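> here is my input, please return the structure:
(chains A and B)
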2 protein chains.
Amino acid sequence: MTLESTFAKRLGNVETSAIRELFKLLAKPGIISFAGGFPDASMFDIDGIKAATDKALGDTAGAVLQYGATEGYNPLRAGLSKHMATKGVTVSPEGLIITTGSQQALDLIGKTMINEGDNVIVEAPTFLATIQCFRLYGANIIGAPIDGHGVQVDRLEELIKAHKPKLVYLIPSFGNPSGALLSMERRKQILALAVKYKTLIVEDDPYGELYFDASATAVAPRSMLSMASEVPGSLDWLAFAGSFSKVMSPGLRVGWLIAPPALLAKATMCKQFSDAHTSNLSQAIAANYLASGSMPAALVKVRKVYAARAKTMETCLIAEFGDAMRFTAPKGGMFFWANLTGARGQSTDVAALAKAAIANNVAFVPGAPFFAHDADMTALRFSFATANEDLIREGVTRLGQAFRSI
Amino acid sequence: MTLESTFAKRLGNVETSAIRELFKLLAKPGIISFAGGFPDASMFDIDGIKAATDKALGDTAGAVLQYGATEGYNPLRAGLSKHMATKGVTVSPEGLIITTGSQQALDLIGKTMINEGDNVIVEAPTFLATIQCFRLYGANIIGAPIDGHGVQVDRLEELIKAHKPKLVYLIPSFGNPSGALLSMERRKQILALAVKYKTLIVEDDPYGELYFDASATAVAPRSMLSMASEVPGSLDWLAFAGSFSKVMSPGLRVGWLIAPPALLAKATMCKQFSDAHTSNLSQAIAANYLASGSMPAALVKVRKVYAARAKTMETCLIAEFGDAMRFTAPKGGMFFWANLTGARGQSTDVAALAKAAIANNVAFVPGAPFFAHDADMTALRFSFATANEDLIREGVTRLGQAFRSI
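Numbering: from 1, shown residues only, chains lettered A, B, ... in the order given. Have a look, this model is predicted:
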């Protein structure tokens, strides 16, 4: 008998991600990467975060360095209550808990909700780490198809009826990898489905603030949570995962979970035995930074830069690929989701292009791993967040060369 | 149907801790608490940690605020490799991963190892959050009795034979709540049992550095991990959870896990889907603080203060309780574990004392919740870490008054 032979059965539900393997190739010097899922570190508001840190390690140092409550650092919970109010969401500080990144919010929902064999519906495609996280709790993941306006509500309803899922997981705004924006009409329709079928909706919203509309009146797309008061009963069937990772810093690992009270209480208990609490220093920094009022201005910059990069990528992809590639240009977020089409869109072509691209010093991620089943083998994901416009031009040129070489 | 009726079955394995409920009573002003499990925040090396933070947000700010590797921040992994070498442990930076507090190391071991219905052996009594953490993965927890020298090896072997546990969880040095120091002979015997019965041992070591021997040659008790090279084959069946919580700061949430390669790889995968990675800022602070060389001097102070407080508590408990209380004075750590004896040691007396104590403005924790089964209803836990000597004298006096009142 070996130790390995005694591992838990749940490990058999997941495998090491193909993407993780791909990332090992990206250390190659000179490569232009559209493969990552990271925000651009050069746009972090380091001065603002430093000031927030100095404050945290001032008068509050003793409390910040000590153990804290599992629910979270109270000034941050209070700050998020106010912050969410500006987003049309009424939630008390006690109505949310702080998580170690929003990934932990998903993990706590999995631990609290999912039994071995439970069905869970996700968008097809969706965030790979959610699929894997829920599978570790034994979930059977079912993908619901999307179009240019997000998940298709009629198909979603059919799947809910057929599979009676434990929960439906959605990234309505500029999701990873699709970049799609779920239409406002569909958001309300899905809230009504939650009530009709008594099915929990998990709304994951890391990208909502990254909208590209630069007009003076533009605001982030309304979250489903902010609409729930207009759909009677839906607040009882809706959980929301928030994150500072794309708007402040992912390295701090601060997210939050808003959920119906009974679910929040059990998620808190699960968190107590998962990591006791989230780094108090990270939480205090987030609280101080939020209170400083610096975030909106920092976000204006990020939005402008990402919007310009997305536009450049769109122009270049059209120039290089023409009819051989199809996509809906994103209205926000960090990703282009595209398909190779026609004679060039065969099931082996994306893998061949990925290989040729790396050989030509440019990288992207094939789309197949983002599907729980029935993968679209013609799909690709490009991130435009970390390469500047010059690099995007050069990278897409190299990609076109690679494409013509296969 | 309500949302609550759809929660996962695993939640039925645990209940909200009685201790957690007790803690709600401690907000009472003027109370002297021996109930907590916290280190003394007034002894945190705030200046040292501030310097480490400034450094982290200097040249490395961009990397620290960005996403990091699930395995951990490489300078910290390298620093811990060196640190463990000074403790007699040979481990490469790649042989350990960073966890969000050592609580997460336990959670990852649970996720990686435990199937519903698996037996797990722990000391009786042991750390409550470990019992609950493992129960959430479906573990059936079996307690092995301890004496003044830690877990009883003959009884442990009988239990291993009878129950074929998935793993044995031990806090060999000054464990919570027992404060016991597992003898060096027993450590080797248990490593031999691990090999003989092919059973994983999980060594949790948050308190090892808090030994009270003030002689110039004194060092921390040898970890089982440091002895494993002397027991052939035992390294294949041993995992080690380390923590900065009692020696640097718990609020940063930085721990580490050392385990056989196959287990470490799977724990890393589970961590990826639990919280992606631990706060990079917390990790960089820990790395810089460790590299600064400030920790040993800070620890000398902590040891002296805790030793003096333990001595004072010992003297006062003897003076107030005499033969009515039995304990082995701890040689390190943060806790006294005691029993009410004789006619005063009835099953209802500890609960009555806890109530009378709170009424008299002093608090401790009853010992019963620290047992997975067959609780010792006469046991009590006192922490001497956070009250200074004057408060300890006054608190034990109040405790004596409460005792004589019941």
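> and the residue of the stretch 301-406 of chain A nearest chain B?
A:Thr386 (9.8 Å; CB to the nearest CB). Just so you know, the C-beta spots here come from the backbone N, C-alpha and C atoms, and that holds for glycine as well.
> phi, psi of that residue?
Per-residue torsions, A:Thr386: phi -100, psi -20 (degrees, to the nearest 10).
> can you check A:Ile32 too?
Note on A:Ile32: its backbone torsions stand at phi -100, psi 120 [degrees, to the nearest 10].
> quick check: the closest residue to it other than its chain neighbours vs A:Phe364, distance?
Nearest residue to A:Ile32 in three dimensions, chain neighbours excluded: A:Gly395, at 3.7 Å (CB to CB, 6 or more residues apart in numbering or on different chains). From A:Gly395 across to A:Phe364, the span is 9 Å (CB to CB, to the nearest Å).
> common neighbours of these two, please.
Shared contacts of A:Gly395 and A:Phe364, defined by CB atoms under 8 Å, 6 or more residues apart in numbering or on different chains, comprise A:Phe34.
> related to what we said a few turns ago, helix/strand/coil for the residue nearest to A:Ile32?
helix (DSSP: H, G, I helix; E, B strand; the rest coil).
> test my guess that it contacts A:Gly30.
No: counting by CB atoms under 8 Å, A:Gly395 stays clear of A:Gly30, with 11.2 Å between them.
> if I look at A:Gly48, how far off is chain B?
Distance of A:Gly48 to chain B, given as CB to the nearest CB, to the nearest Å: 11 Å.
> for chain A, what spans make up the helices?
Taking DSSP state H as the criterion, chain A contains helices spanning A:18-23, A:46-56, A:61-65, A:74-85, A:101-113, A:128-136, A:153-163, A:184-197, A:224-227, A:261-272, A:280-292, A:295-321, A:349-359, A:389-405.
> if we can go back for a sec, check contacts around the nearest residue to the residue of the stretch 301-406 of chain A closest to chain B once chain neighbours are set aside.
Excluding its sequence neighbours, the residue lying closest to A:Thr386 (CB to CB, 6+ apart) is A:Asp40, at 5.0 Å. Counting by CB under 8 Å, 6+ apart, A:Asp40 makes contact with A:Val302, A:Val305, A:Tyr306, A:Ala385, A:Thr386.
> nearest to A:Lys164, of those residues?
A:Ala385 (37.6 Å; CB to CB).
> give me the spatial nearest neighbour of the closest one, chain neighbours excluded.
A:Ala385's closest residue in space is A:Met334 (CB to CB, 6+ apart), at 4.0 Å.
> ramachandran angles for A:Ala375?
Torsion angles, degrees, to the nearest 10, at A:Ala375: phi -60, psi 140.
> just the pLDDT at the closest residue to A:Ala194 other than its chain neighbours, thanks.
In space, and not counting its chain neighbours, A:Ala194 is closest to A:Trp237: 4.0 Å by CB to CB, 6+ apart. Note for A:Trp237: predicted pLDDT of 98.
> how far away is A:Trp237 from A:Ser102?
From A:Trp237 across to A:Ser102, the span is 19 Å (CB to CB).
> close to chain B: what parts of the stretch 201-350 of chain A are there?
Proximity of the stretch 201-350 of chain A to chain B (CB under 8 Å from any CB of the partner chain) is limited to residues A:236-237, A:245, A:249-253, A:260, A:262-263, A:266, A:269-270, A:272-282, A:285.
> ok, now with 10 Å
Residues of the stretch 201-350 of chain A lying near chain B by CB under 10 Å from any CB of the partner chain: A:236-239, A:245, A:248-255, A:259-263, A:265-266, A:268-285.
> of these, select the buried ones using a PyMOL command.
Of those, the buried ones can be selected in PyMOL as follows, counting by 16 or more other CB atoms under 10 Å in any protein chain shown:
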select buried, chain A and resi 236+237+238+239+245+248+249+250+251+252+253+254+255+259+260+263+265+266+268+269+270+271+272+273+274+275+276+277+278+279+280+281+282+283+284+285
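> for the residue of the stretch 301-406 of chain A closest to chain B, which residues are in contact?
When contacts are counted by CB atoms under 10 Å, 6 or more residues apart in numbering or on different chains, A:Thr386 is found next to A:32-43, A:309, A:334, A:392, B:66.
> ok, and the closest non-adjacent residue to A:Glu314?
A:Ala329 (4.7 Å).
> that neighbour contacts A:Leu317, correct?
Yes: using CB atoms under 10 Å, A:Ala329 is in contact with A:Leu317, at 9.1 Å.
> tell me which of these two has more neighbours.
Neighbours were counted for A:Ala329 and for A:Leu317 using other CB atoms under 10 Å in any protein chain shown; A:Leu317 has more, 20 against 15.
> who touches the more buried one in this structure?
A:Leu317 is in contact with A:Met325, A:Phe327, A:Ala329, A:Phe336, A:Ala338, A:Phe382, A:Ile392, A:Val396, A:Leu399, A:Gly400, counting by CB under 10 Å, 6+ apart.
> swap in A:Ile141?
A:Ile141 is in contact with A:13, A:118-122, A:124, A:126, A:130-132, A:134-135, A:165, A:169, A:371-373, counting by CB under 10 Å, 6+ apart.
> of these, keep whichever come out buried.
A:13, A:118-122, A:124, A:126, A:130-132, A:134-135, A:165, A:169, A:371-372.
> any weak-confidence spans in chain A?
Chain A contains residues with pLDDT under 70 at A:16-21.
> tell me the domain boundaries of it?
Here the domain parsing of chain A from automatic domain parsing is A:4-44+A:297-405, A:66-294.
> okay, those domains, which one's buried deepest?
Comparing those on average neighbours per residue, with mean count of other CB atoms under 10 Å in any protein chain shown, the densest one is domain A:66-294 at a mean of 22.
> so how far is it off the chain centroid?
Relative to its chain's centre, domain A:66-294 lies at 9 Å (CA atoms, centre = their mean, to the nearest Å).
> first to last residue in it, what's the distance?
27 Å (CA to CA, to the nearest Å).
> so who does A:Tyr211 touch?
Taking CB under 10 Å, 6+ apart, we find A:Tyr211 in contact with A:173-174, A:181, A:218-221, A:299, A:303, A:306-307, A:330-333.
> 7 Å - rerun?
A:Ala218, A:Ala220, A:Pro221, A:Arg303, A:Lys331, A:Gly332 (CB atoms under 7 Å, 6 or more residues apart in numbering or on different chains).
> and for A:Val151?
Here A:Val151 is in contact with A:Glu123, A:Ala144, A:Leu170, A:Leu182 (CB under 7 Å, 6+ apart).
> my guess is A:Ala61 contacts B:Ile46. True?
Yes: contact between A:Ala61 and B:Ile46 holds when scored by CB atoms under 7 Å: they sit 4.8 Å apart.
> which of the two has more neighbours?
Set A:Ala61 next to B:Ile46 and count neighbours by other CB under 10 Å: A:Ala61 wins out with 21 against 17.
> quick one, what contacts the more buried one?
Contacts of A:Ala61 (CB under 7 Å, 6+ apart): B:Ile46.
> measure it to B:Pro29 for me?
23 Å.
> ends of stretch A:368-384, what's the gap?
End to end - CA to CA - stretch A:368-384 spans 19 Å.
> the contacts of A:Tyr211: which two are farthest apart?
Longest distance between any two of the contacts of A:Tyr211 is 12.9 Å, between A:Pro221 and A:Arg303; criterion CB to CB.
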